[in-house]
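Asker: Give me coordinates for this.
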Amino acid sequence: MREWIYGRNPVYEVLRAGRRDAFQLLVAEGAQDKGRLGEILRLAAKKKLIVIRVPRQKLDRINTGNQGVALEAAGYPYSSLDEMLVLAEERQQKPFILILDALQDPQNLGTLLRTAEAVGVHGIMLPLRQAAMVSPAVVAASSGASEHMLVTQANLAQAITILKDENIWVVGLDGGPDSQSPDQVRLDGSVALVVGNEGQGMRRLVRESCDLLLRLPMRGNVESLNAAVAGSVALYFAWGARGFK
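Answerer: Have a look, this model is predicted:
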């Protein structure tokens, strides 16, 4: 399956990561070959990629947020849980996994991919169905960070069992009365953080599979944070507990 990646940072990161086959690059007529676009064109030349100058209207038909460039590439290369655990071992780090339970909004998924890449998460797990996948919109929302992350699709309840067998603590983000605050939860070891759906939170079976539940402290008037914001804050709590290493 092929798809169009659009936007200068997403296209640049797809080419830089080199995890997908690339087929052709469309560039808007009149666009100046400098800055990020110049870097894209240099990578394209290095990869002997076909570059075609086209009217901007053609790019707008792909997506209006194209920033004058679009790349035809193979679909997103999903990974496996084993690859994530191997990556942690290669880095000589305790596993740090993010589990997203049925997130629906591509913007939220992209934001969490970007945060996860920034804090050194070894991999992200998505359910097999009823959730946003790594689409071109998600690649754009992550500003291309998706291309440097290991992402797998799995039966989450079964995958959590495997994580527990690997002595990885599974911590669900939840605002319920049985949740604990960050100062009560150890996040410095092998940990998998679970972020639930934007509306309903974690599904029952996933929630019951967690070793413990984490509640973010809040002092304002709103009841909760957006899923991507809450997940990002929790990821930074976990990274800080690991000594920002």
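Asker: now the helices for this protein?
Answerer: Remark: helices assigned in the chain by DSSP state H are 8-17, 35-46, 56-62, 81-90, 106-119, 136-141, 156-165, 204-209, 227-241.
Asker: Indicate which one of these is closest to residue 185.
Answerer: Residue 185 sits nearest to helix 227-241 of all the helices of the chain, at 8.6 Å, using C-beta to C-beta. The way it works is simple: take the backbone N, C-alpha and C, and place the C-beta from them, glycine included.
Asker: So for the closest one, what gets flagged as buried?
Answerer: Neighbour-count burial for helix 227-241, counted by 16 or more other C-beta atoms under 10 Å, picks out 227-228, 230-235, 237-239.
Asker: Can you lay out these as JSON lines showing pLDDT?
Answerer: As requested, the buried residues of helix 227-241 are exported to JSON lines (pLDDT from 0 to 100):
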{"residue": "227", "pLDDT": "93"}
{"residue": "228", "pLDDT": "95"}
{"residue": "230", "pLDDT": "94"}
{"residue": "231", "pLDDT": "96"}
{"residue": "232", "pLDDT": "97"}
{"residue": "233", "pLDDT": "95"}
{"residue": "234", "pLDDT": "96"}
{"residue": "235", "pLDDT": "97"}
{"residue": "237", "pLDDT": "95"}
{"residue": "238", "pLDDT": "96"}
{"residue": "239", "pLDDT": "96"}
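Asker: re the thing from before, what's the closest of the helices of the chain to residue 125?
Answerer: helix 156-165 (5.8 Å).
Asker: Could you tell me the angle between that closest one and helix 81-90?
Answerer: Counting by axes from the mean of the first three to the mean of the last three C-alpha atoms, to 10 degrees, helix 156-165 lies at 30 degrees to helix 81-90.
Asker: which other helices and strands contact helix 156-165?
Answerer: Applying 3 or more C-beta pairs under 8 Å, 6 or more residues apart in numbering; DSSP states H and E, one finds that helix 156-165 contacts helix 81-90, strand 96-100, strand 123-127, strand 169-173, helix 204-209.
Asker: How is the protein partitioned into domains?
Answerer: Using automatic domain parsing, the domain ranges for the chain come out as 2-74, 81-241.
Asker: Pick out the shakiest of those, pLDDT-wise.
Answerer: Sorting the domains of the chain by mean pLDDT places domain 81-241 lowest, at a mean of 94.
Asker: So what's the gap between that domain and the chain middle?
Answerer: The chain centre lies 10 Å from the centre of domain 81-241; the measure is C-alpha atoms, centre = their mean, to the nearest Å.
Asker: residues in contact with the residue located most distally from the centre of the chain?
Answerer: In the chain, counting by C-alpha atoms, centre = their mean, residue 30 sits farthest out from the average C-alpha position, at 33.2 Å. Residue 30 is in contact with residue 56, counting by C-beta atoms under 8 Å, 6 or more residues apart in numbering.
Asker: Alright, calling it a day.
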